[in-house]
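Engineer: Build me a model:
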Amino acid sequence: MFVIECYWPGVTEDQLRTALARLEGMGGPVLSRGCLLLTADETAFFLVEASSIDDVRVATEVVRIPADRIAEAIEIGVADLAQRTS
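Structural biologist: Numbers count the residues shown, from 1 in each chain. This next block holds a predicted model:
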């Protein structure tokens with residue numbers, strides 16, 4: 001999994017939904033897992049599945065997502081945390 005961090009002043013929820021739709025419609029090696037918008041910070045975090053950071057870079061260029069940083073990430077869900085404390 002990768003996180004695409006975007007400082008995107010003035011971005012709206014509709015613009016992010018459009019960017020997500022373009023990403024999902026692209027097909028190929030990058031699969032969208034959603035997006036988080038930190039409204040006060042004007043920053044969006046896109047979550048994607050891909051086999052390489054290069055695939056993610058290409059996808060951000062094709063769908064015009066202004067990526068400031070792309071980082072590999074590990075997803076830890078609520079179910080994962082519950083299993084650890086049992």
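
Engineer: And for stretch 20-34, what's in contact with it?
Structural biologist: Here stretch 20-34 makes contact (CB atoms under 8 Å, 6 or more residues apart in numbering) with 1, 35, 46-52, 55-56, 59, 62-65. C-beta coordinates here come from the backbone N, C-alpha and C atoms, glycine included.

Engineer: go on, stretch 60-77?
Structural biologist: With CB under 8 Å, 6+ apart, stretch 60-77 has contacts from 1-8, 19, 22-23, 26, 46-47, 53, 56-57, 59.

Engineer: how many other residues sit next to G77?
Structural biologist: Per other CB atoms under 10 Å, the neighbour tally for G77 reads 8.

Engineer: next one: T60
Structural biologist: T60 has 20 neighbouring residues, counting by other CB under 10 Å.

Engineer: Also V56?
Structural biologist: If you count neighbours by other CB under 10 Å, V56 ends up with 24.

Engineer: in stretch 64-80, what's buried?
Structural biologist: Across stretch 64-80, burial judged by 16 or more other CB atoms under 10 Å covers I65, A67, I70.

Engineer: ok, back up a step: now, of the contacts of stretch 60-77, which are buried?
Structural biologist: Here, 16+ other CB under 10 Å leaves F2, V3, I4, C6, W8, A19, L23, F46, L47, V56, R57, A59 buried among these.

Engineer: Would you agree the last one is in contact with A50?
Structural biologist: I take that to be A59. Yes: judged on CB atoms under 8 Å, A59 makes contact with A50 at a distance of 7.4 Å.

Engineer: Please report phi then psi for T12.
Structural biologist: With angles defined as degrees, to the nearest 10, T12 shows backbone torsions of phi -110, psi 160.

Engineer: Find me the pLDDT at it, would you?
Structural biologist: T12 is assigned a predicted lDDT (pLDDT) of 92.

Engineer: Next one, pLDDT for E72 please.
Structural biologist: 97.

Engineer: thinking again about what came up before, from the contacts of stretch 20-34, which land in strands?
Structural biologist: C35, F46, L47, V48, E49 (DSSP state E).

Engineer: possible to save these as a markdown table with pLDDT and distance to D14?
Structural biologist: Listed next are those as a markdown table, based on pLDDT from 0 to 100; distance: CB to CB, whole Å:
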| residue | pLDDT | distance to D14 |
| --- | --- | --- |
| C35 | 94 | 12 |
| F46 | 96 | 15 |
| L47 | 95 | 19 |
| V48 | 95 | 20 |
| E49 | 95 | 24 |
